[in-house]
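1. Need coordinates for the following:
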Amino acid sequence: GKDSTSSFVAGGGRYTLKGDQYTEFLEYCSDRDWEGHDFRFTIEIKNDTLIQKGTEKVESAGIERQNIERYVRVKE
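-> The predicted model follows:
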């Protein structure tokens with residue numbers, strides 16, 4: 001976005017993948033309230049699309065929301 005409500009948040013850290021269970025361990029983040037939290041997701045692959053579903057919960061920030069991300073393979 002280009003208005004005053006737009007923002008950019010980025011972070012990273014370790015992860016584990018066991019079967020269809022994916023867990024992110026957020027070690028650093030531009031929104032510091034998110035650091036040190038773990039987020040568990042279920043992964044599903046359908047054709048060329050990876051779907052990641054789970055709940056993001058950060059009690060200290062008052063956040064508890066369902067997150068669904070879809071990643072589609074780029075065709076070259």
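
2. what bridges to Glu44?
-> Under DSSP bridges, the beta-bridge partners of Glu44 are Ile51.

3. before we move on, what about Phe39?
-> Glu24.

4. give the contact list for it.
-> Thr23, Glu24, Leu26, Gly54, Thr55, Glu56, Lys57, Asn67 (Cβ atoms under 8 Å, 6 or more residues apart in numbering). C-betas here are computed from N, CA, C, even on glycine.

5. The fifth one looks like it's in a helix, true?
-> When you say that, I think you mean Thr55. No: counting by DSSP: H, G, I helix; E, B strand; the rest coil, Thr55 falls outside a helix, being strand.

6. Can you verify my assumption that it contacts Glu64?
-> Yes: contact status for Thr55 versus Glu64: in contact at 6.6 Å, counting by Cβ atoms under 8 Å.

7. which regions of the chain sit below the pLDDT cut-off?
-> Low-confidence segments of the chain (pLDDT under 70): 1.

8. tell me the secondary structure for Ser4?
-> What three-state DSSP gives for Ser4 is coil.

9. now the strands: where do they sit in this protein?
-> Per DSSP state E, the chain carries strands over the ranges 11-18, 21-29, 37-46, 49-58, 63-72.

10. which helices and strands sit right next to the last one?
-> Identification of packing neighbours for strand 63-72 by 3 or more Cβ pairs under 8 Å, 6 or more residues apart in numbering; DSSP states H and E yields strand 49-58.

11. Take the strands of the chain and lay them out in JSON lines including distance to Asp3.
-> What follows is these, written out as JSON lines (distance: least, Cβ to Cβ, whole Å):
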{"stretch": "strand 11-18", "distance to Asp3": "24"}
{"stretch": "strand 21-29", "distance to Asp3": "23"}
{"stretch": "strand 37-46", "distance to Asp3": "28"}
{"stretch": "strand 49-58", "distance to Asp3": "24"}
{"stretch": "strand 63-72", "distance to Asp3": "22"}
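
12. Please report how far Val9 lies from Tyr28.
-> Applying Cβ to Cβ, to the nearest Å, the value for Val9 to Tyr28 is 12 Å.
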